[in-house]
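Colleague: need a structure here:
(one chain, ligands or ions: 1)
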Amino acid sequence: MNSNMDKNKLTFDAPCVFEDGCRIWTRIDNKPIGYATLSRNDNIAKLCDIYIYDKSWHLFTLLPKLKIGKNYRNKGYGTELLLYVFQFCTAQHIDVITGTVNGEISRLIPWYKSLGFNVRGKNKLYKKLRS
Ligand SMILES: CC(C)(COP(=O)(O)OP(=O)(O)OC[C@H]1O[C@@H](n2cnc3c(N)ncnc32)[C@H](O)[C@@H]1OP(=O)(O)O)[C@@H](O)C(=O)NCCC(=O)NCCS
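Modeller: Predicted structure coming up:
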């Protein structure tokens, strides 16, 4: 765990029931710092999106990025969120999590692998939660 991270203050906000889709928020002192979006098909969940806030906010597409707020990336929060997603999915009787890596693929793939995902082809993620 990164020493800059205050794990004790981190909370997760997930629905009790996961039917077709859901979003899990992570917060510090009740303030959202990121989320994971999942969809479900039977016992397979798809990680549609995972996002930890940085300090760039797009107000309008024509304006440059405004640097306001705090950067929460690279402090271990995304890892904690993904570990929570695994726990949540296991409790919801999901057997497999899939996904597609988008963005900085060369940085993201080692991260997903370190969290137990297999990478198929260029960017397809696959992780078994139970055998
Ligand atoms: C990917 C992301 C959720 C990780 O959360 P995080 O809290 O920053 O990650 P952690 O601190 O737990 O772990 C650090 C690892 O995250 C990845 N990471 C961090 N910032 C990143 C960024 N801007 N772009 C891509 N990967 C990033 C790297 O693999 C990093 O390890 P490294 O520093 O050795 O390269 C977060 O950086 C983010 O929201 N990125 C932008 C959205 C995104 O790329 N989502 C994934 C789409 S498949």
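Colleague: which residues of this structure fall in strands?
Modeller: 10-13, 21-28, 31-41, 44-52, 56-57, 66-67, 96-100, 118-120, 124-128 (DSSP state E).
Colleague: need these in a markdown table (columns: mean neighbour count and mean pLDDT).
Modeller: Quick note: C-beta positions are derived from backbone N, CA and C, even for glycine. Below are these laid out as a markdown table (neighbours: other Cβ atoms under 10 Å; pLDDT from 0 to 100):
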| stretch | mean neighbour count | mean pLDDT |
| --- | --- | --- |
| strand 10-13 | 15 | 96 |
| strand 21-28 | 17 | 96 |
| strand 31-41 | 17 | 96 |
| strand 44-52 | 17 | 97 |
| strand 56-57 | 12 | 63 |
| strand 66-67 | 11 | 64 |
| strand 96-100 | 17 | 98 |
| strand 118-120 | 12 | 97 |
| strand 124-128 | 16 | 98 |
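Colleague: of all those strands, which one comes closest to Leu83?
Modeller: strand 10-13 (9.8 Å; Cβ to Cβ).
Colleague: now that closest one, how far from the centre of its chain.
Modeller: 12 Å (Cα atoms, centre = their mean, to the nearest Å).
Colleague: do stretch 72-86 as well
Modeller: The answer for stretch 72-86 is 6 Å, by Cα atoms, centre = their mean.
Colleague: buried stuff in it?
Modeller: Tyr72, Lys75, Gly76, Tyr77, Gly78, Thr79, Glu80, Leu81, Leu82, Tyr84, Val85, Phe86 (16 or more other Cβ atoms under 10 Å).
Colleague: distance check, the fourth one against Asp6.
Modeller: Tyr77 sits at a distance of 10 Å from Asp6 (criterion: Cβ to Cβ, to the nearest Å).
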